[in-house]
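Q: here's my sequence, what's the structure:
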Amino acid sequence: AYKLSMKLFHDDHHSWYKSLRSVMSAHGLEQAMLRPDVAMCIFLTVVQESFMAEWGLDLRRPLTKKGDGENKLHTYRLFKDSFYFENYLDNVKIKKHRVALTRFRLSCHNLQIDNLYALLFCRLYSEYREGFMKVFHDGCVSKYFVYFIVNCEDPKVQRALGAFVYHILKV
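A: Okay, the predicted model is just below:
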């Protein structure tokens, strides 16, 4: 595929090789294009590093990109500060619970109240919160507690949190 795309490029046709070459040139890596295995490996590294840099900037930005409101990632950055696969995606087996938990973590929902308030104090959700809190022996409720439960790797806690958040978002 690499050789075919390169041939198309040299025959003055559009190909993905042209885009790859453009990215590599922008990073001063034209010589890597001579070896397809090296070029692809370096390309993937460059793209990943660029994405990670942009992702990190977006997390730390206090306002939206347009500056017209608070960054929606303000809750997300409480729970996530590095880029890796989240175990809850495997551990929360019920799809609607997994989707709800992901939406909650990303603040991608229609709740008109702060995520932390909903999770800890909102009376509308007290019935569901009591069921969720049975997973824990200590009834301690604080910002640090929320940080702990959202980042907890225990599959039992992750499943309980997924069910709880599902009920909050469903109401």
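
Q: going forward, measure contacts between C-alpha atoms and count neighbours the same way
A: Noted.

Q: just how off-centre is the lengthiest helix in the chain within its chain?
A: Selection of the longest helix in the chain by residue count, based on DSSP state H, yields helix 36-60. Chain-centre distance of helix 36-60: 16 Å, with Cα atoms, centre = their mean, to the nearest Å.

Q: show the subsequent helix or strand relative to it.
A: As assigned by DSSP states H and E, the chain's next helix or strand after helix 36-60 is helix 76-79.

Q: send the alpha carbons of that next one over as CSV?
A: Output in CSV follows, covering the C-alpha atoms of helix 76-79 (Å, rounded to 0.1, in the frame of the first residue of the first chain):
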residue,chain,number,x,y,z
TYR,A,76,-13.0,15.9,33.7
ARG,A,77,-9.6,17.2,34.8
LEU,A,78,-10.4,16.4,38.4
PHE,A,79,-10.4,12.7,37.5
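
Q: shaky segments in this protein?
A: Applying pLDDT under 70 to the chain picks out residues 64-75, 78, 112-116, 135-146, 171.

Q: let's see 90
A: In the predicted model of the chain, residues 1-86, 102-154, 156-158, 160-161, 164-165, 167-171 satisfy pLDDT under 90.

Q: where along it do the helices fall?
A: With DSSP H, the ranges of helices along the chain come out as 2-10, 16-26, 36-60, 76-79, 88-91, 95-105, 115-120, 126-133, 143-151, 155-170.

Q: would you mind giving the ones you listed as a markdown table with mean neighbour count added?
A: Formatted as a markdown table, these follow (neighbours: other Cα atoms under 10 Å):
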| stretch | mean neighbour count |
| --- | --- |
| helix 2-10 | 14 |
| helix 16-26 | 16 |
| helix 36-60 | 14 |
| helix 76-79 | 16 |
| helix 88-91 | 16 |
| helix 95-105 | 19 |
| helix 115-120 | 16 |
| helix 126-133 | 16 |
| helix 143-151 | 15 |
| helix 155-170 | 20 |
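
Q: fine, thanks again, bye for now.
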